[in-house]
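Engineer: for reference, the sequence and a predicted model appear below.
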Amino acid sequence: MNGYYIYRMFRQIILLILLACGLNSAAQQHTVGLFLTDSTSFNGYTLFAPSANTTTYLIDNCGATINSWESDFRPGQSAYLMEDGSLIRTARIGSPFSSGGTGGRIEKYSWNGALTWGYNYSTDTYHQHHDIEVLPNGNVLILAWELRTTAETIQAGRDPSRVPGSGLWSERIVEVKPIGAMGGDIVWEWHLWDHLVQDLDTFSNNYGAVEDHPELIDINFPYNSISSDWIHANSIDYNPELDQIMINSRDFEEFWIIDHGTTTQEAAGHTGGRYGKGGDILYRWGNPRTYKQGTGEDQVFSLQHDAHWIPAGLPGEGQIAVFNNGVQRPEGNYSSIDIVAPDINSDGSYNIGPDGTFGPDTLVWSFGGADDNRFYSPRLSGSQRLPNGNTLICIGTSGTFI
């Protein structure tokens, strides 16, 4: 990344006060600013976008500002520094949707702060939220809500007693090719609504048993939820070696991986594409109760954020890191950085074990615990593996980098 290291932020954070480098742990009478830096930290830059501010900042390990970018809009919860020094960020604009993480606009700025591309993805029936992903070809994957009416939702097999009057906000992913200063062409799309299952109503669409179809999403899970934002996806990532997309669902408490190597038509079905499964889920992990396998003891994640592959060339490459917020864990509330190594074959396909669940059974690494409340954040937050093997952590609700 030419010395620039992207730090994904889903958080509200206090701007660091610019203090001189070299402070050590004895200087912790400070309540904000630089507390500690030493020779074992990775010497790079950190990018962050405070959610209550229109400015995005790039700082060094001393807390000094390297660059900043000013927008007319608060962030839509993600910002990325590109290899050429440009910034791409989401922006918060008005919409009929009111759930957390709202965005609606994507902006690109030059290193010098000039707006070079602005693209709104928002109408009365769809709206970008939380995150985007820039692909190697320069196209942008957009994570967006899409409105499904009450009638559509009931016909899809949702329990009528748990259908809000406004219907459900489902999820879609679109791939946009930027055009000019404000335009874009949609060149690929995927809709979660094409991959549902339900066992409630034989006369409605999608009837079947999710335990027999873990590649599909149970429209009635979570079983006690009446929220319009029933999925609450909060991150999107792309693996160029596998041509796969990962999205993280906070309310399902798991992440999903799908095939990007499909046409839009194949992505709407259950066959075709690089892995032969169309737009169905290739792999899911974190909470097997979502496909009626296992119990609460098998659930690992709790309202988690920022699921992403560790990029190639970094320690742990190909493994998946998650900020596990840890709300209402059986042993008490605490957050952790959890890393899982998927049970993957050489061709990029995934295995289901004899117990009917996707492996593995255990994490390869976890940091944070019930006895260390420094890391607890009930929402927001993220992490990033660094080239020296360290892990950068953002504790979103307290506004802390570690």
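Structural biologist: Nice, I can see it.
Engineer: you'd agree residue 296 is up against residue 302?
Structural biologist: No - look at residue 296 against residue 302 with C-beta atoms under 8 Å: they stay out of range, at 10.5 Å. For every residue, glycine as well, the C-beta is placed using N, CA and C.
Engineer: and the two? which has more neighbours close in?
Structural biologist: Set side by side, residue 296 and residue 302 show more neighbours around residue 302, with 21 against 8, by other C-beta atoms under 10 Å.
Engineer: what kind of secondary structure is the more buried one in?
Structural biologist: Assigned by DSSP: H, G, I helix; E, B strand; the rest coil, the conformation of residue 302 is coil.
Engineer: quick one, what contacts residue 186?
Structural biologist: 174, 175, 176, 177 (C-beta atoms under 8 Å, 6 or more residues apart in numbering).
Engineer: can you pick out the ones from those residues that are in strands?
Structural biologist: 174, 175, 176, 177 (DSSP state E).
Engineer: make JSON lines from those and add distance to residue 322 and neighbour count to it.
Structural biologist: Formatted as JSON lines, the ones in strands among the contacts of residue 186 follow (distance: C-beta to C-beta, whole Å; neighbours: other C-beta atoms under 10 Å):
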{"residue": "174", "distance to residue 322": "24", "neighbour count": "22"}
{"residue": "175", "distance to residue 322": "24", "neighbour count": "22"}
{"residue": "176", "distance to residue 322": "26", "neighbour count": "22"}
{"residue": "177", "distance to residue 322": "30", "neighbour count": "15"}
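Engineer: among those, which one lies nearest to residue 252?
Structural biologist: Comparing the ones in strands among the contacts of residue 186 against residue 252 with C-beta to C-beta places residue 174 closest, at 21.1 Å.
Engineer: what about the closest one, distance to residue 46?
Structural biologist: 30 Å (C-beta to C-beta, to the nearest Å).
Engineer: show me where the stretch 51-200 of the chain has strands.
Structural biologist: Listed in chain order, the strands of the stretch 51-200 of the chain (DSSP state E, counting those that start in this stretch) span residues 55-59, 65-70, 75-81, 87-92, 104-109, 115-120, 126-134, 140-148, 168-179, 183-191, 196-197.
Engineer: chain center to the shortest one, what's the gap?
Structural biologist: Averaging C-alpha coordinates over strand 196-197 and over its chain gives two centres that are 22 Å apart (C-alpha atoms, centre = their mean, to the nearest Å).
Engineer: ok, the third one next?
Structural biologist: Taking C-alpha atoms, centre = their mean, the mean C-alpha location of strand 75-81 is offset from the chain mean by 12 Å.
Engineer: what packs against that strand?
Structural biologist: The contact analysis (3 or more C-beta pairs under 8 Å, 6 or more residues apart in numbering; DSSP states H and E) places strand 75-81 against strand 46-48, strand 55-59, strand 87-92, strand 126-134.
Engineer: residues contacting residue 326?
Structural biologist: 302, 303, 333, 334, 335, 336, 368, 376.
Engineer: wait, what's in contact with the last one?
Structural biologist: Residues touching residue 376, when contacts are defined by C-beta under 8 Å, 6+ apart, comprise 326, 333, 334, 335, 395.
Engineer: please redo it, this time with the cut-off set to 6 Å
Structural biologist: Applying C-beta atoms under 6 Å, 6 or more residues apart in numbering to residue 376 gives the contacts 334, 335.
Engineer: same check, this time on the first one
Structural biologist: With contacts defined as C-beta under 6 Å, 6+ apart, the neighbours of residue 302 are 326, 327, 329.
Engineer: nearest to residue 130, of these?
Structural biologist: residue 327 (17.8 Å).
Engineer: separation between the closest one and residue 240?
Structural biologist: If you go by C-beta to C-beta, the gap between residue 327 and residue 240 works out to 33 Å.
Engineer: the two: who's more crowded?
Structural biologist: Using other C-beta under 10 Å as the criterion, residue 327 and residue 240 rank with residue 327 on top: 17 against 13.
Engineer: skipping its backbone neighbours, what lies nearest that one in space?
Structural biologist: If the residues on either side of it in the chain are set aside, residue 327 comes closest to residue 303, at 4.6 Å by C-beta to C-beta, 6 or more residues apart in numbering.
Engineer: so what's the residue count around the nearest residue to residue 67 once chain neighbours are set aside?
Structural biologist: If the residues on either side of it in the chain are set aside, residue 67 comes closest to residue 58, at 4.6 Å by C-beta to C-beta, 6+ apart. Counted by other C-beta under 10 Å, the residues lying close to residue 58 total 21.
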